[in-house]
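1. Curious how this folds, go ahead:
(one chain, ligands or ions: 1)
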Amino acid sequence: MPDLPPSRSLLEATLSQAVRDKATVSSQGVPLRRLTHGVTLRRLPTHADDRGTVTELFDPRWGFHPDPLVHAYTFTIRPGVAKGWNLHQRHEDRYALLQGEMELVLFDPRPGSPTEGEVCRIVLSEHDRCIVNVPVNVWHADRNIGTRDVVVVNFPTIQYDHAAPDKFRLPLDTSLIPHRFPEGTRGW
Ligand SMILES: Cc1cn([C@H]2C[C@H](O)[C@@H](COP(=O)(O)OP(=O)(O)O[C@H]3O[C@@H](C)C(=O)[C@@H](O)[C@H]3O)O2)c(=O)[nH]c1=O
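-> Have a look, this model is predicted:
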């Protein structure tokens, strides 16, 4: 038995060192984390029956995002790998994760933004699919936190310009962004 002052029970001694949980989701199940300004998430319900499933990925009628559907592609990320840091100056990414679990890390460098200088981490999972946009001029990195390839469909707001891609990169370990990935995270 640990040495305790005579007046304190094990319960009192342990509770005195404990940290009380804070609310992380609303009673409606909506995460309460502070999102980078301009980021929106929309849940993507999956309809299952005895044959399989259907999940809508993007419908302009939802009003999720003002820009039209003009281009789509899929990208994958291997386990243990992160893609990033990336930044786009002329378009937004709009990710719909299909498979796996991914941590989307955002860093807001925009002068005057309400979240300027802040890092925001969002976990995207096939168990609770959603679509999320990444605003222009926001650094972002996508880290696979699962054990299988992550598969994402991206609906960027412009077509890809093969001659001059709208993409800027910083190394994952840049000191310019106040975020460190776990030791051993590979990628670029
Ligand atoms: C995005 C894209 C790339 N490509 C080509 C260019 C390049 O040779 C190859 C890989 O492109 P990238 O290196 O840009 O792909 P990648 O680094 O995997 O980036 C992608 O993943 C996530 C992390 C993002 O944030 C998106 O910006 C998306 O570009 O594919 C196309 O032909 N069409 C496209 O629409």
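2. ok, which stretches of the protein are strands?
-> Assigned by DSSP state E, the chain shows strands spanning 41-43, 46-49, 52-55, 73-77, 81-87, 93-99, 101-107, 119-125, 130-134, 139-144, 150-154, 168-169, 186-187.
3. which one of the ones you listed has the most crowded surroundings?
-> Comparing those by mean neighbour count (mean count of other Cβ atoms under 10 Å), strand 139-144 comes out on top with a mean of 24. For the C-beta atoms, the positions are set from N, CA and C on the backbone; glycine is no exception.
4. Return the list of helices and strands in contact with that one.
-> Using 3 or more Cβ pairs under 8 Å, 6 or more residues apart in numbering; DSSP states H and E, the elements in contact with strand 139-144 are strand 73-77, strand 81-87, strand 101-107, strand 150-154.
5. can you list those in CSV and add mean pLDDT and distance to D173?
-> CSV is the format used below for these (pLDDT from 0 to 100; distance: least, Cβ to Cβ, whole Å):
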stretch, mean pLDDT, distance to D173
strand 73-77, 98, 17
strand 81-87, 98, 10
strand 101-107, 98, 13
strand 150-154, 98, 21
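6. Determine which of those strands approaches A23 most closely.
-> Of all the helices and strands packed on strand 139-144, strand 101-107 sits nearest to A23, with 21.2 Å by Cβ to Cβ.
7. Report the angle between that closest one and strand 130-134.
-> Angle of strand 101-107 versus strand 130-134, following axes from the mean of the first three to the mean of the last three Cα atoms, to 10 degrees, is 20 degrees.
8. neighbouring strands for strand 101-107, and are they parallel or not?
-> Each strand paired with strand 101-107, and its direction, by DSSP bridges: strand 119-125 (antiparallel), strand 139-144 (antiparallel).
9. got any ranges where the chain has weak pLDDT?
-> For the chain, the stretches with pLDDT under 70 are 1, 4-7.
10. Put together a markdown table for the strands paired with strand 101-107, with distance to E101 on each row.
-> As requested, those are exported to a markdown table (distance: least, Cβ to Cβ, whole Å):
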| stretch | distance to E101 |
| --- | --- |
| strand 119-125 | 5 |
| strand 139-144 | 8 |
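11. For the closest residue to E126 other than its chain neighbours, give the beta-bridge partners.
-> Nearest residue to E126, sequence neighbours excluded (Cβ to Cβ, 6 or more residues apart in numbering): Q99, at 5.4 Å. Under DSSP bridges, the beta-bridge partners of Q99 are V151.
12. Tell me if I'm right that Q99 and N144 touch.
-> No: the criterion here is Cβ atoms under 8 Å, and Q99 misses it with N144 at 10.5 Å.
13. who touches both of the two?
-> V150 (Cβ atoms under 8 Å, 6 or more residues apart in numbering).
14. Could you list the contact residues of the protein toward the ligand?
-> Contacts of the chain with the ligand, taken as Cβ under 6 Å from any ligand atom, map to 73, 75, 83-84, 86, 93, 142, 154, 160, 167.
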